[in-house]
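K.L.:
Generate coordinates for the sequence data below:
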Amino acid sequence: MGLFVIIYPTPELNLENNMRKVIPLFILLYISCEDSIKTTEDSDILFISSEGTFGNSDGSIAVIKNNQVIQSVENIGDVVQSLLVDGDKLFVIANNSHLIKKYTITESGLNLPGIEISTNNSSPRNMVIVNDKLYFTNWNSMDVKILNLNTYAIETSIPLQGIPEDIVYDGQYLWISLPNLELYDTNQGSSVVKIDISSNSILQTYEVGRGPQQLIIDNNFLWISRTFYSSDWYTAYYGSSKLDLETGEVTINNYGPGIVCGGGILKINEIVYRTTSGGIAPLDDDLSLNLSAKIGSLSTRTPYSAFHDNDDILYLGTSDYNAPDTVFTYNEIGELETFISVGALPNDYAIWKNN
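P.N.:
Reported below is the predicted structural model:
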């Protein structure tokens with residue numbers, strides 16, 4: 001059985017802008033299953049969440065296998081913020097619906113309807129799992145809450161001096177970014193905190209520059225993307241920071257206004273990249289953007305999200321703030337391969353490995 005692929009005779013620069021228009025010239029190529037475009041391993045499943053439009057509870061998840069959307073889970077909640085695969089379970093946070101959903105994963109997709117866990121108006125954001133506990137950050141309650149995965153009850157919380165965003169685990173400690181001192185303060189926060197999960201207490205606070213957002217850990221460094229705004233919200237400023245987890249030394253680079261940078265940070269083949277104009281660029285030792293090695297040229301738009309699946313496929317999510325939106329895929333040598341149509345504002349990704 002074969003797969004038909006439409007190849008548009010437009011340069012990569014124009015593909016994003018034209019894909020929703022009728023293009024009279026195209027070539028239909030017949031490609032055998034063995035030669036089909038690679039995204040994930042044949043037996044694996046990729047999940048892409050889309051936030052949806054604020055206030056409409058139209059957040060969604062696209063379930064993708066063998067390059068095809070095999071299931072679309074619609075109307076999950078208001079602002080679907082993050083995804084996490086744990087074994088055969090998929091956890092989903094809906095920020096403005098104040099809930100966590102848990103689905104069972106099978107070879108054919110998600111078993112519905114799943115279960116729903118209220119977070120009591122906490123405005124949850126991002127999560128990690130350590131052993132049998134799910135730790136998640138919360139805007140309204142300004143804390144990290146701990147969900148017991150045996151009982152699905154929230155056991156306790158860790159108060160924070162700020163509004164948290166991302167959360168990562170280094171094998172011993174939790175790290176939390178605090179981009180705001182209070183809600184919607186143009187990202188006046190400037191710290192990350194280190195938390196001991198044995199005592200559920202903050203061990204140390206590090207000043208890393210204004211507006212810390214996404215975090216990744218690599219080679220004993222905590223890498224931090226930063227975004228903050230002028231007092232009228234009109235001008236966005238971007239930067240990156242790096243914390244040496246052994247010495248506590250912090251490196252900060254502010255890119256200033258006018259840099260189309262975005263909030264994403266990720267690692268590909270031992271190199272840390274930052275989202276920037278039309279794609280992602282490696283960070284040099286001083287955290288400057290190495291634009292000469294940038295992957296992606298999706299017009300002048302900065303990707304709304306970025307993900308690498310460790311099988312040499314890069315996903316760049318783009319948005320015009322209306323459904324459908326588009327996720328573009330790039331191969332290991334940086335060539336644009338295909339695109340996936342998803343809901344409004346694609347923002348997070350997770351892969352289930354069918355071992």
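
K.L.:
Give me the neighbour count for Ile216.
P.N.:
Applying other CB atoms under 10 Å, we find 17 residues neighbouring Ile216. Glycine gets a C-beta too; all of them are placed from N, C-alpha and C.

K.L.:
list the contacts for it?
P.N.:
Taking CB atoms under 8 Å, 6 or more residues apart in numbering, we find Ile216 in contact with Val168, Leu222, Trp223, Ile265, Leu266, Lys267, Val272.

K.L.:
So which of those residues belong to strands?
P.N.:
Val168, Leu222, Trp223, Ile265, Leu266, Lys267, Val272 (DSSP state E).

K.L.:
ranges for the helices of the chain?
P.N.:
Listed in chain order, the helices of the chain (DSSP state H) span 12-18.

K.L.:
Where in it is the helix or strand with the lowest mean pLDDT?
P.N.:
Of all helical and strand segments in the chain, the minimum by mean pLDDT, DSSP states H and E falls on strand 27-32, at a mean of 30.

K.L.:
Which pLDDT value goes with Glu207?
P.N.:
On pLDDT, Glu207 comes in at 98.

K.L.:
now do Gly258
P.N.:
74.

K.L.:
What's the local residue count around Gly296?
P.N.:
Gly296 has 22 nearby residues by other CB under 10 Å.

K.L.:
I'd say it and Ala281 touch.
P.N.:
No - with contact defined as CB atoms under 8 Å, Gly296 does not reach Ala281; the gap is 9.1 Å.

K.L.:
circling back to that earlier point, make a ChimeraX selection of the buried ones in the contacts of Ile216.
P.N.:
Buried members of those, defined by 16 or more other CB atoms under 10 Å, are picked up in ChimeraX with:
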select :168,222,223,265,266,272
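
K.L.:
Which of the contacts of Ile216 sits closest to Asp244?
P.N.:
Asp244 has its nearest neighbour among the contacts of Ile216 in Leu222, at 8.3 Å by CB to CB.

K.L.:
if I read this right, that closest one contacts Trp175, doesn't it?
P.N.:
Yes - if you go by CB under 8 Å, Leu222 and Trp175 touch, sitting 5.8 Å apart.

K.L.:
if I look at Ile333, how far off is Ser292?
P.N.:
Counting by CB to CB, to the nearest Å, the gap from Ile333 to Ser292 is 16 Å.

K.L.:
Check Lys242 too.
P.N.:
Lys242 is 21 Å from Ser292, by CB to CB.

K.L.:
which of those two has more neighbours?
P.N.:
Neighbours per residue, other CB under 10 Å: of Lys242 and Ser292, the larger number sits with Lys242, 20 against 7.

K.L.:
On the strand side of things, show who that one bridges to.
P.N.:
Trp223, Thr251 (DSSP bridges).

K.L.:
Also Leu266?
P.N.:
In beta-bridge terms (that is, DSSP bridges), Leu266 pairs with Tyr273.

K.L.:
mind listing what it touches?
P.N.:
Leu266 touches Ile216, Val272, Tyr273, Ile280, Ala306, Phe307, His308, counting by CB under 8 Å, 6+ apart.

K.L.:
Now which of those would you call buried?
P.N.:
Ile216, Val272, Tyr273, Ile280, Ala306, Phe307, His308.

K.L.:
Arrange these in CSV, one row each, with pLDDT and distance to Ile351 as further columns.
P.N.:
Shown next, in CSV, are the buried ones among the contacts of Leu266 (pLDDT from 0 to 100; distance: CB to CB, whole Å):
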residue, pLDDT, distance to Ile351
Ile216, 97, 16
Val272, 96, 20
Tyr273, 96, 18
Ile280, 95, 18
Ala306, 94, 15
Phe307, 95, 9
His308, 93, 10
